[in-house]
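below are the sequence and a predicted model; questions follow.
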Amino acid sequence: MFRQLPFPSPIATRTLLGALLTVALLTGCDRSPPDHAFLPWDITVNEAGKVSVFGVTLGESTLLDFKRLYDQKADLAIFTKAGEPMTLEAYFGQMSVGPLAAKVVLIAEVDTATLERWAEASRIADPTPSGARKLSMSDEALIEAQDKPIRSISYAPSADYDEELIRRRFGDPAEIRTLADGRDEDEEPAELWLYPDKGLLITVEPGDKELFQYINPGQFDRLLAGTVTKPTKR
């Protein structure tokens, strides 16, 4: 005679489903990376003023859309720092974007009330080199977060882009600003190259790799003012 096994409790079932969904969010999908060679200078702005780059459209495509497109796992976390807005970031680390390798971070468009609700449910807060705190997210928050639209993309290529290459690929910037960041007098300062019509901000670092930040042109001033932050240093 067969012994009937007990059914799992509703709580256990919800826990198991949450874990499975979390694994699905943080690991790759059953899709191949896109065949199209999306390049950092392939930028278009549609009639609604939204930027399309790397195969996604800012303000429309979601974090999950990007993850599925590249079949790449992501580390989702909330970052909070005194005096700065709280952010939801999806860190993809080193990955292949077309034929090029780069570290990619997406910042999602999430209202403050939702971020605070997610933060209140967090049980782990780890410090980061930048001074911000990295907050863990519950399974429910992770599931909700994956459908949030992408606000901005930070792209840090493995290759070093010299000024001539940047001008050849992106054109002349509308403006170049020097960054006063406490370097020694004999050190060449970093520069910000501004392309507001393309929603692009390039940080040109002498002797270091460049950082490309993409945002819709209507939010470019926020990016420049720092109210839309750089990805947090992990």
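Received the coordinates, thanks. These figures come from a predicted structure and were not determined experimentally.

rest of the way, CA atoms for contacts and neighbours
Fine.

helix/strand/coil for the most centrally placed residue in the chain?
The central residue of the chain, meaning the one whose C-alpha is nearest the mean C-alpha position (Cα atoms, centre = their mean), is Leu106 at 1.2 Å. Assigned with DSSP: H, G, I helix; E, B strand; the rest coil, Leu106 falls in the strand class.

okay, now the unreliable bits of this structure?
Of all residues in the chain, those with pLDDT under 70 make up the ranges 1-37, 180-186, 226-234.

mind doing that once more with 50?
1-33, 227-229 (pLDDT under 50).

all strands for it, in order.
Taking DSSP state E as the criterion, the chain carries its strands at 44-45, 51-53, 56-57, 75-81, 84-97, 100-108, 125-127, 133-135, 150-157, 175-178, 191-195, 200-204, 211-215.

thinking again about what came up before, the residue nearest to the centre of the chain is in contact with Glu89, isn't it?
Yes: the pair formed by Leu106 and Glu89 meets the contact definition of Cα atoms under 8 Å, at 5.6 Å.

thinking again about what came up before, as a markdown table, the strands of the chain with distance to Arg117 would be great.
Below are those laid out as a markdown table (distance: least, Cα to Cα, whole Å):
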| stretch | distance to Arg117 |
| --- | --- |
| strand 44-45 | 33 |
| strand 51-53 | 29 |
| strand 56-57 | 27 |
| strand 75-81 | 11 |
| strand 84-97 | 12 |
| strand 100-108 | 16 |
| strand 125-127 | 15 |
| strand 133-135 | 12 |
| strand 150-157 | 20 |
| strand 175-178 | 38 |
| strand 191-195 | 35 |
| strand 200-204 | 31 |
| strand 211-215 | 25 |
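
so which of those comes closest to Arg167?
strand 191-195 (10.1 Å; Cα to Cα).

sheet-wise, list the partners of the closest one with their directions.
Strand 191-195 has its sheet partners listed here by DSSP bridges as strand 175-178 (antiparallel), strand 200-204 (antiparallel).
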